[in-house]
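Visitor: heads up, no residue letters with this:
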């Protein structure tokens, strides 16, 4: 793009942007920023953009900012907007690929922060495979109301159910919604945004400390600056994402995920990222690592600590220190091996980051279940399930959409002991595999979180707690057994045994499948219709695949 007589027109256009001949001798660094006024996690990115630019320039590179869209799952929750959240991950990866390759950039700094934007940017880095470094913009501080710390899920989403049960009045509800989210940053629990930020650090694709450094902090600005500096060195040394994103890196990330009791959405995102570098990451891998990894951290929604507590207790590097014997040798964008970073970690509070002998649980936060309801697997955040609900038997209450289930919940039509089944909400059937945080939070707020289970071929927010099983595969729209469940069917969930079954014989299931009607697509126009035709099952990470030609 820069050199040769035939590139004179290319250079002329670059000069029109204000660049000079000397700049063309320097590495061109794209700064992909998902700044927007729409998302709390992204409103503070302007200062981080400046810090990254300064770092790039000080190291002898030339920076070029370009914009990437973002969707806030919390704002999109419970309506048509949530159809677009997971699919936006693919758009983000495609857009970065397009800009990076069309303009032949030498390196990338990817400034991101929230649920699908983090993995989308990492997928792009893996795909284009030019030197790249991720900067996550950081979590928000906890809210505060009546001298108690507050968070979005416990104190806004679950307050809806509490109001419905007349546990709080309308003024209390308004006060909760005003104080739960006090300012910039990703929501303050171990939800999807913060989980993926921590795992990006564990994978070795961001600077040490980046995963939990708080939004708006001087520490975060310093990390942004040094990341801008470092990417120029990565270009000069030709250290590309594929050299960092190895099978060992993914094993390390899953291990940290289980120790953190992270969001179940990581079971979608890590396989999709691994797919971009040609690594298969099956569901069973998550369960195998979970069974051998203790839960060391208990942040909201499962516990009472906040992400800021993890930051002050030692951050991801503190968790790595406790897990150092489990970490596998692997390079990072810092130029130092992950095992070296782990040995340098410090734990400042041994209750927030526990050692293996005092672990919250002998197993990690996520479990994968199989059975005749989910032959290809389904996922539950077992760390957020009470002991009395680890095994549950109940009658099915079946709904073909989130809206229908939410209506029944709010009208108090759900009885204790039942198993709510929400189907046709998978990657294809949704389309877009919507999160079910509204119904699960309403159940908890209404006092049903320890007596009612919920299963779906959709997914859950990282903020979900209770016996909520998602990612049921195959999904209903692709002929999965969840599509033949009827009201009153007996369903058994046994998390310790990793089993989920409907009390029907294989013959009965086959007979019902023969009578099962092909669903009418909920959305049959626009890019979601194209997404629906290409997206694969949740157990693959909901990756896109072009259909084989007949």
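Guide: All right, it came through fine. Everything numeric here is computed off the predicted structure, so don't read it as measured data.
Visitor: Distance-wise, check residue 263 relative to residue 73.
Guide: Applying CB to CB, to the nearest Å, the value for residue 263 to residue 73 is 11 Å. The way it works is simple: take the backbone N, C-alpha and C, and place the C-beta from them, glycine included.
Visitor: list the residues that contact both of those two?
Guide: 192, 461 (CB atoms under 8 Å, 6 or more residues apart in numbering).
Visitor: Looking at the two now, which is surrounded by more residues?
Guide: Higher neighbour count among residue 263 and residue 73: residue 263, with 30 against 26, using other CB atoms under 10 Å.
Visitor: Correct me if wrong: the more buried one contacts residue 187.
Guide: No - the pair residue 263 / residue 187 is not scored as a contact, 11.0 Å apart, by CB atoms under 8 Å.
Visitor: Quickly run through the sheet partners of the longest strand along the chain, with directions.
Guide: For the chain, the longest strand by residue count, based on DSSP state E, is strand 391-399. Using DSSP bridges, the strands paired with strand 391-399 are strand 419-422 (parallel), strand 490-494 (antiparallel).
Visitor: For residue 529, find the nearest of those.
Guide: Of all the strands paired with strand 391-399, it is strand 419-422 that lies closest to residue 529, at 21.8 Å by CB to CB.
Visitor: list the buried ones in that closest one?
Guide: Residues of strand 419-422 classed as buried under the neighbour-count rule (16 or more other CB atoms under 10 Å) are 419-422.
Visitor: Going by distance to residue 248, which of those wins?
Guide: residue 422 (37.2 Å).
Visitor: ok, that closest one to residue 340 distance?
Guide: Distance, residue 422 to residue 340, using CB to CB: 46 Å.
Visitor: Show me where the stretch 151-300 of the chain has its helices.
Guide: Shown for the stretch 151-300 of the chain, the helices assigned by DSSP state H, counting those that start in this stretch span residues 152, 158-164, 170-179, 192-203, 218-237, 241-244, 247-260, 266-276, 283-292.
Visitor: What is the longest one packed up against?
Guide: So that's helix 218-237. Under the contact definition 3 or more CB pairs under 8 Å, 6 or more residues apart in numbering; DSSP states H and E, helix 218-237 sits against strand 28-33, helix 45-58, strand 107-112, strand 132-136.
Visitor: Tell me the helices and strands packed up against the second one.
Guide: Packing partners of helix 45-58 (3+ CB pairs under 8 Å, 6+ apart): strand 28-33, strand 62-67, strand 107-112, helix 218-237.
Visitor: How far off centre is that helix?
Guide: With CA atoms, centre = their mean, to the nearest Å as the basis, helix 45-58 stands 26 Å off its chain's centre.
Visitor: tell me the angle of that helix relative to helix 218-237?
Guide: Counting by axes from the mean of the first three to the mean of the last three CA atoms, to 10 degrees, helix 45-58 lies at 40 degrees to helix 218-237.
Visitor: Tell me the buried residues in helix 45-58?
Guide: In helix 45-58, counting by 16+ other CB under 10 Å, buried: 45, 48-49, 51-57.
Visitor: export those to CSV and tack on distance to residue 8 and pLDDT?
Guide: Output for the buried residues of helix 45-58, formatted as CSV (distance: CB to CB, whole Å; pLDDT from 0 to 100):
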residue, distance to residue 8, pLDDT
45, 36, 98
48, 36, 98
49, 31, 98
51, 35, 98
52, 31, 98
53, 28, 98
54, 31, 98
55, 31, 98
56, 26, 98
57, 26, 98
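Visitor: Would you convert those residues into TSV that also reports distance to residue 502?
Guide: Formatted as TSV, those follow (distance: CB to CB, whole Å):
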residue	distance to residue 502
45	47
48	49
49	52
51	54
52	52
53	56
54	59
55	56
56	56
57	61
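Visitor: Out of these, flag the one nearest to residue 15.
Guide: residue 57 (18.1 Å).
Visitor: and the gap between that closest one and residue 27?
Guide: Taking CB to CB as the measure, residue 57 falls 11 Å from residue 27.
Visitor: quick one: low-confidence ranges for the stretch 301-450 of the chain?
Guide: Across the stretch 301-450 of the chain, nothing is flagged by pLDDT under 70.
Visitor: and with 90 instead?
Guide: Across the stretch 301-450 of the chain, the ranges flagged by pLDDT under 90 are 301-302, 436-438, 441-442, 444-445, 449.
Visitor: one step back: buried stuff in the longest strand of the chain?
Guide: For strand 391-399, by 16+ other CB under 10 Å, it's 392, 394, 396-399.
Visitor: got TSV for the residues you listed, with distance to residue 440 too?
Guide: Output for those, formatted as TSV (distance: CB to CB, whole Å):
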residue	distance to residue 440
392	15
394	16
396	17
397	14
398	17
399	13
